[in-house]
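Chemist: curious how this folds, go ahead:
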Amino acid sequence: MPYDDSADDDEQAAARLALSLDGAAARAPWAVVVETVQGEGDVHPARPAWLRALAAWTREHGALLIVDDIQTGCGHTGPFFSFEPAGIVPDIICLSTPSAGTGHRWHSP
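Modeler: Numbering: from 1, shown residues only. The predicted structure follows:
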């Protein structure tokens, strides 16, 4: 699926996203997995409006919203979860043990 294109304004980005997802929605049930910040080759954060449009689409179509926060969660982008600034609530969050940036220390018993 196309990722958030910063050349689009918020309304264009939401329309492009819905059009792409509608074309793939023929086979329910399913889920949408998204990285809120793509980091291969460069850093490409999804805008909050695009993430809100994605969350609204998944709710409307009964699809799960899964946020892949393995590279960007646990405080690596500022807030604990990378999607917090968008105000969305995913159904599933994929996380990894934080390696830096949060001050949390995990100790085995």
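
Chemist: residue contacts, the residue most central in space within the chain?
Modeler: With distances taken as Cα atoms, centre = their mean, Thr36 lies nearest the centre of the chain, 3.6 Å away. Each residue near Thr36 by Cβ atoms under 8 Å, 6 or more residues apart in numbering is listed here: 45-46, 51, 67-69, 72, 77, 82-83, 86. C-beta: built from backbone N, CA, C; applies to glycine.

Chemist: ditto for Val32
Modeler: Val32 neighbours (Cβ under 8 Å, 6+ apart): 1, 21, 54, 57-58, 63-66.

Chemist: now with 6 Å, please.
Modeler: Listed by Cβ atoms under 6 Å, 6 or more residues apart in numbering, the contact partners of Val32 are 58, 63, 65.

Chemist: next one: Pro45
Modeler: Contacts of Pro45 (Cβ under 6 Å, 6+ apart): Val37.

Chemist: sticking with the closest residue to the residue nearest to the centre of the chain other than its chain neighbours, tell me its helix or strand.
Modeler: Spatial nearest neighbour of Thr36, excluding adjacent residues (Cβ to Cβ, 6 or more residues apart in numbering): Ser82 at 4.3 Å. Using DSSP states H and E, Ser82 maps to neither a helix nor a strand.

Chemist: how much space between Ser82 and Gln12?
Modeler: 23 Å (Cβ to Cβ, to the nearest Å).

Chemist: and those two? Which one has more around it.
Modeler: Legend: neighbour count by other Cβ atoms under 10 Å for Ser82 and Gln12, higher for Ser82 (25 against 11).
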